[in-house]
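In: heads up, no residue letters with this:
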């Protein structure tokens, strides 16, 4: 049975592993004529997380800073990279944990495949930190392709 990937979700974060995932997703989308959904997730930063370190800064500081600007730039670069390859994609900027963002977009868009890169964490780091690719392998609502997992 041949799989048909109509909707593909790929996560980006500016890393080399994410670029490899983006390229793999573009290859698959090109081969199947799929809709590609590019997801950049950023955690919502609450003032309480910074209160101790930045307590003396005026309120104007908090109003003037866009904590998600880097995420927007990474997402824009991914879309541009795809356009240069002739692949059309829908951007999704999500303010939540990356694993939750990918699962949410995959469910809303009825994805057939999620593509994520691997940071190559060692066993101890994976056990302590967890990883997005590991969470995807266990919780995704569809097939998952993990690229770049070359380290043991």
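Out: Perfect, thanks for sending it. Source: prediction; values computed, not measured.

In: can you give me the helices in this structure?
Out: For the chain, the helices defined by DSSP state H cover 16-32, 47-54, 59-64, 69-84, 98-108, 123-129, 132-139.

In: Any chance of CSV for these, columns mean neighbour count?
Out: The way it works is simple: take the backbone N, C-alpha and C, and place the C-beta from them, glycine included. As requested, the helices of the chain are exported to CSV (neighbours: other C-beta atoms under 10 Å):
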stretch, mean neighbour count
helix 16-32, 20
helix 47-54, 10
helix 59-64, 9
helix 69-84, 16
helix 98-108, 20
helix 123-129, 10
helix 132-139, 18
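
In: which of those has the lowest average pLDDT?
Out: When those are compared on average pLDDT, helix 123-129 comes out lowest at a mean of 43.

In: what's the closest of the helices of the chain to residue 38?
Out: With C-beta to C-beta as the measure, helix 69-84 is the member of these nearest residue 38 (5.1 Å).

In: what about the helices of the chain, which gets the closest to residue 147?
Out: Among those, if distance is taken as C-beta to C-beta, the winner is helix 16-32, at 4.7 Å.

In: still on that earlier bit, nearest to residue 41, of the helices of the chain?
Out: helix 98-108 (3.6 Å).

In: Summarise which helices and strands that closest one is packed against.
Out: Helices and strands touching helix 98-108, by 3 or more C-beta pairs under 8 Å, 6 or more residues apart in numbering; DSSP states H and E, are strand 7-12, strand 35-41, strand 89-94, strand 113-117, helix 132-139.

In: want to throw the ones you listed into JSON lines with distance to residue 103?
Out: Formatted as JSON lines, these follow (distance: least, C-beta to C-beta, whole Å):
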{"stretch": "strand 7-12", "distance to residue 103": "9"}
{"stretch": "strand 35-41", "distance to residue 103": "10"}
{"stretch": "strand 89-94", "distance to residue 103": "10"}
{"stretch": "strand 113-117", "distance to residue 103": "8"}
{"stretch": "helix 132-139", "distance to residue 103": "6"}
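
In: Lowest average pLDDT across those?
Out: Among those, helix 132-139 carries the lowest mean pLDDT (a mean of 84).
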